[in-house]
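>>> Quick one, fold the following:
(one chain, ligands or ions: 1)
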Amino acid sequence: MTTPSRSTPSDGHGTLTYGRSLLNRVLVGTPANEDPLTHYAELPARAARFADWPQWAHPAAVRALDEAGVRRPWTHQAEAASIAASGRNVVVSTGTASGKSLGYQLPILTALAVHPRATALYLAPTKALGADQLRSAQELTDSENDLRAIYPCSYDGDTPTEVRQWARANARWIFTNPDMLHVGILRGHERWAPFLRNLRYVVIDECHYYRGVFGSNVALVVRRLRRLCARYGADPVFVLASATTSEPGAAASRLIGAPCEEVVDDGSPHGPRTVALWEPPLLQHVTGENGAPIRRSAGSEASRIMADLVVEGARTVTFVRSRRGAELTALGTQRLLAEVDPDLPERVAAYRAGYLAEDRRELEAALADGTLLGAATTNALELGVDIAGLDAVVVAGFPGTVASFWQQAGRSGRRGEGSLVLLVARDDPLDTYLVHHPAALLDKPVEATVTDPTNPYVLGPQLLCAAMELPLSDDEVRAFGAWDVLTELAEHGLIRRRGHGWFVGAETNPHAALNIRGGIGMQVAIVDGGSGRMLGTSDAAKAPSTVYPGAVHIHQGESFVVDELDLDDGIALVHPENPDWTTSAREVTDIVIEDWLEQSTFGEVTVGLVRVEVSNQVIGYLRKLHSGEIVDAVDLDMPVQRLDTRAVVYTVTPELLMRAGIPPDRFPGSLHAAEHAAIGLLPLVATCDRWDIGGVSTALHRDTGLPTVFVYDGHQGGAGFADRGHAEIVRWLDATREAIDSCECTAGCPSCVQSPKCGNGNHPLDKDGAVLLLTAVLLELRSP
Ligand SMILES: Nc1ncnc2c1ncn2[C@@H]1O[C@H](COP(=O)(O)OP(=O)(O)OP(=O)(O)O)[C@@H](O)[C@H]1O
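Okay, the predicted model is just below:
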């Protein structure tokens, strides 16, 4: 790692990699009084490491793959495929475009060629990815006689009825998603009996995607699948593919509920990569809340950077967080290019179509043949694209997880050639931390994919589905870890014991009632009042903070404004509107500890994991221009919501704070600032979004009698985020301290301690006090 200078960077040998020369070009275009480059690193080229085709591989499978361009497998591919072929579950967690697919294609094609009845199931989180993988499986099976009778086929919500019937009867490799597995396959499993009886392999692609409540639901769908397979006498092997995360084997085991080996040593080649971290400057004449300084937006900075790269002829994709952001960035780039060359603007596009595979392929082709030089896109292009020809990737705003960052960054680099990856920070604590602490991005990942399949709110509805599929035995209930949940369901008459197990009433339809992506509990329907079109749903518990009257609601990139929220009828009415501002709810929160699940004391600091009841009330919202400037604050009076969840907590003694140099009148501001930044930084260790979690801090909490900070899971029952914060508390608080300390503002800003959803108007906030507090806490946690 190198600290940059504004002179020409060189690699110490006098030669300039292509990525570096692109970075130079961007730096030359930067106004002289700005110094936004915080770090850059040269990631050296990596040569391919090849293995031989395994002995067990079927010759037809090898020939088909060879014809598709794979002359020999890379080491990690052979390793993963061989583990699977020997009957053990495996997760392959290697870089973008490292050929993870071969890890499952080879054992599946082999088993299905050798055993004429054997079947396989492939699960993808998005339909588009499933469609791409199906296409590639079809090409492989079409090319060889011995593979032709496999008939890979998709089976999802879009599959017509006649094709579904055909697929059930003939296809031996089904491509679907967890939603369809839940509601289409497991519910009517009798029709799938031959398929399930012969199931050899289950593929879970991009498995890091299954996190939080959705991940917990998928984990339980997989357990239901394994249970039914066992009844039919099958015991399929699971092959999972994941982006690079911390502890992929442990996360995969949690997801499938069985031991899973990991393969992480990537044998695929890539060219040298220059990674640059970029922090837009503070604006001179614009200020935000409480007069705090704000930075130029990542989107407008990215426009300028992409324009410079396009002028150089570099094929560039810029990843932006929202579709509107993607459009504005493309437009900004076009405007700048028009000043240089009237032919260049048309060679830049926003990728704004839906998630259709055809659109993606068109874009891939245009970028590959150079018709397009620049594209601004949302993360729609993140999964399952095969763009091999990008010279530069600009990531405008950290995409939330290190895994996503590398998925996006990994799109850069033609095989073997140099490329540039440039992360532009948004005005946010996590982005600030990362551009000042590159090791968190460039070294071994610390964030783990978090799920909690034992959450009773998730387990209850899943148990009803399992019982509907086949009556549950007492042992099975115990294996689900669900005895308490079952007892409660039985008390409510939702499940009954009969002679040989637990049943649900024939009149109930638990599958239809459970949307595995839909969150927990009652749902509020979001409806366009003009057209009557239903746009989606929101958890009833979250609706007051997401679809309150006046909220700007983005649905697949289109913008709507909420007119009315009726919690009794479970409906939010919206109309299409594209205002210049975004909105964020302001909430006040109270928290009561119900139970200490874990508690440890380190000198004058106590750390714990607690069950809590959180009361939340939305008291208004803030309107903010895209530049970061505040328009105004609007008051609202929404009902109080109660959340039964888990929190990570720490307490400190007043004496410790005073010894640290914080007088009592500064306790509230110091704790408050430390809490805000900690919320912003939790995604560093857990795959969550800051909107998945919340916090409370107080100079005197009635349950602890001490100055206390809580960070809680924003989902009923908890999704595992607080648990992860508790497990990694030192690393997390250390990063929090660093993020605050390294921010150049004087008294706190959105890049460090201000929170977009603070119900107290970000007041009081004591930036220096927070650093003193965290330093003292960490000293206690680390002392022997
Ligand atoms: N051993 C190999 N030798 C040469 N090319 C290969 C090899 N294995 C895979 N490829 C090619 O590499 C590209 C990427 O493969 P694949 O899509 O399986 O990667 P991936 O890791 O699943 O990607 P993603 O990160 O997008 O999920 C494909 O074009 C594939 O044909």
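>>> what does the stretch 51-200 of the chain put close to the ligand?
Counting by CB under 6 Å from any ligand atom, the positions of the stretch 51-200 of the chain adjacent to the ligand are 68-70, 73-74, 77, 96-102. Quick note: C-beta positions are derived from backbone N, CA and C, even for glycine.
>>> Now compare the residues you listed and name the two farthest from each other.
Greatest spacing in those, by CB to CB: Ala68 and Thr96 (18.7 Å).
>>> picking up where we left off before, just name the closest of the residues of the stretch 51-200 of the chain next to the ligand to Trp483, please.
Lys100 (38.0 Å).
>>> Now do the contacts for whichever residue of the stretch 1-150 of the chain sits closest to the ligand.
Distance from the ligand to each residue of the stretch 1-150 of the chain (CB to the nearest ligand atom) is smallest for Gly99, at 2.8 Å. With contacts defined as CB atoms under 8 Å, 6 or more residues apart in numbering, the neighbours of Gly99 are 70, 73-74, 77, 268.
>>> in the stretch 251-400 of the chain, which ranges drop under the pLDDT threshold?
Scanning the stretch 251-400 of the chain for pLDDT under 70 picks out 352-360, 380-389.
>>> those helices in it, which residues are they?
With DSSP state H, counting those that start in this stretch as the criterion, the stretch 251-400 of the chain has helices at 298-311, 323-340, 357-368.
>>> Ok, the stretch 401-550 of the chain next?
With DSSP H, counting those that start in this stretch, the ranges of helices along the stretch 401-550 of the chain come out as 402-409, 429-436, 439-442, 456-469, 474-479, 483-491, 510-513, 543-546.
>>> Adding distance to Ala307 and mean neighbour count, write these out as CSV.
Below are the helices of the stretch 401-550 of the chain laid out as CSV (distance: least, CB to CB, whole Å; neighbours: other CB atoms under 10 Å):
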stretch, distance to Ala307, mean neighbour count
helix 402-409, 20, 24
helix 429-436, 21, 26
helix 439-442, 25, 18
helix 456-469, 47, 23
helix 474-479, 58, 14
helix 483-491, 56, 15
helix 510-513, 50, 14
helix 543-546, 35, 23
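>>> I'd like those helices as TSV, with mean pLDDT and distance to the ligand appended.
Shown next, in TSV, are the helices of the stretch 401-550 of the chain (pLDDT from 0 to 100; distance: least, CB to the nearest ligand atom, whole Å):
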stretch	mean pLDDT	distance to the ligand
helix 402-409	87	6
helix 429-436	90	21
helix 439-442	88	17
helix 456-469	92	27
helix 474-479	90	32
helix 483-491	90	36
helix 510-513	88	30
helix 543-546	87	31
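>>> any chance of these in CSV, plus distance to Ser82?
Formatted as CSV, these follow (distance: least, CB to CB, whole Å):
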stretch, distance to Ser82
helix 402-409, 25
helix 429-436, 37
helix 439-442, 31
helix 456-469, 33
helix 474-479, 30
helix 483-491, 39
helix 510-513, 37
helix 543-546, 47
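>>> Any idea which of the ones you listed gets closest to Ser751?
The nearest among the helices of the stretch 401-550 of the chain, by CB to CB, is helix 429-436 at 4.3 Å.
>>> Against which helices or strands is the closest one packed?
Contact analysis of helix 429-436 by 3 or more CB pairs under 8 Å, 6 or more residues apart in numbering; DSSP states H and E lists strand 37-43, strand 273-278, helix 439-442, helix 667-681, helix 729-741 as its packing neighbours.
>>> ranking these by mean pLDDT, which is last?
Among the helices and strands packed on helix 429-436, helix 439-442 carries the lowest mean pLDDT, a mean of 88.
>>> Please enumerate residues in contact with it?
Contacts for helix 439-442 (CB under 8 Å, 6+ apart): 1, 41, 43, 275, 277, 402, 405, 423, 433-434, 446, 684, 735.
>>> Off-centre distance for it?
Here helix 439-442 shows a centroid-to-chain-centroid distance of 17 Å under the convention CA atoms, centre = their mean, to the nearest Å.
>>> so who does Cys465 touch?
For Cys465, the contact set (CB under 8 Å, 6+ apart) comprises 182, 186-187, 224, 510-511, 514.
>>> Apply 7 Å and report the result again.
The contact partners of Cys465, taken as CB atoms under 7 Å, 6 or more residues apart in numbering, are 224, 510-511, 514.
>>> how close does it get to His182?
Relative to His182, Cys465 is positioned 7 Å away (CB to CB, to the nearest Å).
>>> which residues touch the closest residue in space to Pro36 that isn't next to it in sequence?
Closest residue in space to Pro36, ignoring its immediate chain neighbours: Trp278 at 5.1 Å, by CB to CB, 6 or more residues apart in numbering. By CB under 7 Å, 6+ apart, the contact set of Trp278 is 36-38, 422-425, 435.
>>> ok, now with 10 Å
Going by CB atoms under 10 Å, 6 or more residues apart in numbering, Trp278 touches 23, 26-27, 30, 36-40, 298, 301-302, 305, 394-396, 422-425, 435.
>>> Beta-bridge partners for it, please?
Counting by DSSP bridges, Trp278 is bridged to Leu37, Val424.
>>> ok, it to Phe503 distance?
Taking CB to CB as the measure, Trp278 falls 60 Å from Phe503.
>>> and what of Glu162?
Distance of Glu162 to Phe503, given as CB to CB: 34 Å.
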